[in-house]
Structures are given as C-alpha cells and as structure tokens.
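Colleague: Got a predicted structure here, sequence first:
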Amino acid sequence: MNKPFPPLFVSHGSPMIALEPGGTGAFLQRLGRTLDNGWGRPAAVLAVSAHTTAREAVLLAADRHEAVYDFGGFPPALYQLRYDAPGDPALARAIGQSSGVPVYDHGGLDHGIWTALRYIYPDADVPVIPLTLTPHATPAQLMALGERLQAVAQQGVLVVATGSITHNLRLMMQPDASGRRLPEDAPERTESAAFRRWFAERSAALDWDALANYRSLAPSAALMPPTDEHLLPWYVAAGAGGRTHAPRRLHDAVTFGSLGMDAYAFGPQAAALADALADPLGAPVQEAEVTERSQRGSRGSAPT
C-alpha cells in the first residue's frame, strides 16, 4: 500500500449489472485498476450495503463469505454466478476493538456487495469484512459511525459502501408512452437529475448539515429515494473520510431514467483518486473486456 485508501460509495443498481455491466460496470473495473496502480491492494474491504441490515451495526467475521442471491425473478444465469471471497476474522476483531463495533462470526455477501466487488476485484482475492447497516438510523448517526472507522484506512482497509444515489423501483417499472417497459437508456427524469445535481453540489460545498437533512432540503427527495436504505451507506463512507475534505463524485450516470448510478470518494485521498480516474492516459475499459474479466473472476472464486 502506498497511501491510505479513500472510502468509497458506489451505486450497484439492479442485480442484472452482474450480467450486463454497461457503463457502470466499466467504471467499476477501471476503479479497481486505478486503486491497484495508485494505492496497491487493500488488506481487506470493509463493505456496508443497503441489503445487509440489523438493529445495530455489527462486523461479520466469517473465514469465508459466499455470494447471497437475495433477489428473485431474474434469469437463471444470474444465480449461477459466484463471488466467494475470504474473510479476515482477526482483522475484523481488531477493527471492532478500535471502533467499538461488535463482531459476530457470521458471513455472506449480499448482492449490493458482490455485484460491485466482482468488477473492482474480479478474482475475489481480497478479504471482505461486511458491516451491517442500521436502516432506521439517521444520516447524522451513520456519519458518526463512519467517523469511528476512520482509522481503518491507515490499516490498509478500503471502505466500500454500496446502494443507489436515487432509487425508486416504482418509477423504474412504469411503462413508457407506448406501454412498453422503460429501456435501460431511457432519458433521465428531471426529478432524478435535480436530486443528483443537488447532492453533488452540496458535497462539493462541504455542506454536511444540508446533506444530513436531505429529506427536507433536497429537490424531489420524497420521490427519488422514497425510502432511505439505498442512500444511507453513503453517510457511513462519508464519515469514514472525515469532514475536512469535500466528497468527490467519481461517476455520474443513471439507468432506466431514474436509477442513479453515481459513485463518490471521501477523505484526503478523494481528489487524488478523482484525478487518477480522469487521467486521459489511463486506458478506458471496454464493456466486452469487463464482461470477460468478471466471468473469469466468477469461475475462479467458486468454493472448494
């Protein structure tokens, strides 16, 4: 490791991203390459997702974490993909001791975690330590939780929070004017664009008070995330980065007209990561290459 890792928030969108990477899958693949080149491999990924919830924050310290198929109604091929990563019980206990977060010997990677990590680290060779989300906590409480985890970057741990910057499945499933289901590349709704723009602007302005009170201040806040859980992981990663440096939006995208796929970095290294990703000399990752690499990683991570 060359320097501490910037905590990250990435939008995972539909579970189908695991089969159809699109632009966000290509971004996540390049993100992994950029981290490898500039920061090295992390000792572990501390992952918090909208889909692993509990009444309190706990760290999961299994020796091995298998992919969990916590969804239904998708093509059979999606359930054949594997992403089974090692855990690190000793490191989980060390993080728990330093942060005051309880540790349990349970395992499993929900789809918000493994569909993102299969592009960032396709060989499933980086240990993962899941952190449960408390979905009824306030943004301020989750930022405070993240602040208790600031030291993990100094231990070579990469915090990856996953959710969706905007998430309204009802809007996504609405038919278009001809009665057909919205395509993935449908034009973005004005409400989605306004919400995502507000979030990026308040982040750049270091307006933590506004961000913590997005429900009452952000445009179309009741529509774009009608429930909080997919946005709440953002605040854990933000807290882990600290309040001194402005969050940087690394990826600006939307699918199905209203499912925001934005990604953010936090903390002192956020700007350096944003600059590295924007470097025109960095080779862009093509979608076909992303698919091939992620399939190779899935085959390689089957349990033994």
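Modeller: Sure, I can see it.
Colleague: what ranges of this structure fall below the confidence cut-off?
Modeller: 1-2, 168-179, 280-304 (pLDDT under 70).
Colleague: Select the longest helix from it.
Modeller: If you go by DSSP state H, the chain has its longest helix at helix 22-38.
Colleague: Quick one: list the elements packing against that helix.
Modeller: Applying 3 or more CB pairs under 8 Å, 6 or more residues apart in numbering; DSSP states H and E, one finds that helix 22-38 contacts strand 8-11, helix 111-120, strand 248-251, strand 263-265, helix 270-278, helix 287-300. From N, CA and C alone the C-beta is placed, and that goes for glycine too.
Colleague: mind redoing it with 7 Å?
Modeller: helix 111-120, helix 270-278, helix 287-300 (3 or more CB pairs under 7 Å, 6 or more residues apart in numbering; DSSP states H and E).
Colleague: Just the CA atoms of that helix, as PDB, please.
Modeller: Taking C-alpha atoms only, helix 22-38 is exported to PDB below (Å, rounded to 0.1, in the frame of the first residue of the first chain):
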ATOM      1  CA  GLY A  22     -22.800  -1.400 -19.000                       C
ATOM      2  CA  GLY A  23     -21.100   1.900 -18.300                       C
ATOM      3  CA  THR A  24     -21.100   1.500 -14.500                       C
ATOM      4  CA  GLY A  25     -19.500  -2.000 -14.700                       C
ATOM      5  CA  ALA A  26     -16.800  -0.500 -16.900                       C
ATOM      6  CA  PHE A  27     -16.300   2.300 -14.400                       C
ATOM      7  CA  LEU A  28     -16.000  -0.100 -11.500                       C
ATOM      8  CA  GLN A  29     -13.400  -2.200 -13.400                       C
ATOM      9  CA  ARG A  30     -11.400   0.900 -14.100                       C
ATOM     10  CA  LEU A  31     -11.800   2.000 -10.500                       C
ATOM     11  CA  GLY A  32     -10.200  -1.300  -9.400                       C
ATOM     12  CA  ARG A  33      -7.300  -0.900 -11.800                       C
ATOM     13  CA  THR A  34      -6.800   2.700 -10.600                       C
ATOM     14  CA  LEU A  35      -6.700   1.700  -7.000                       C
ATOM     15  CA  ASP A  36      -4.300  -1.100  -7.700                       C
ATOM     16  CA  ASN A  37      -1.900   1.200  -9.600                       C
ATOM     17  CA  GLY A  38      -2.000   4.100  -7.200                       C
END
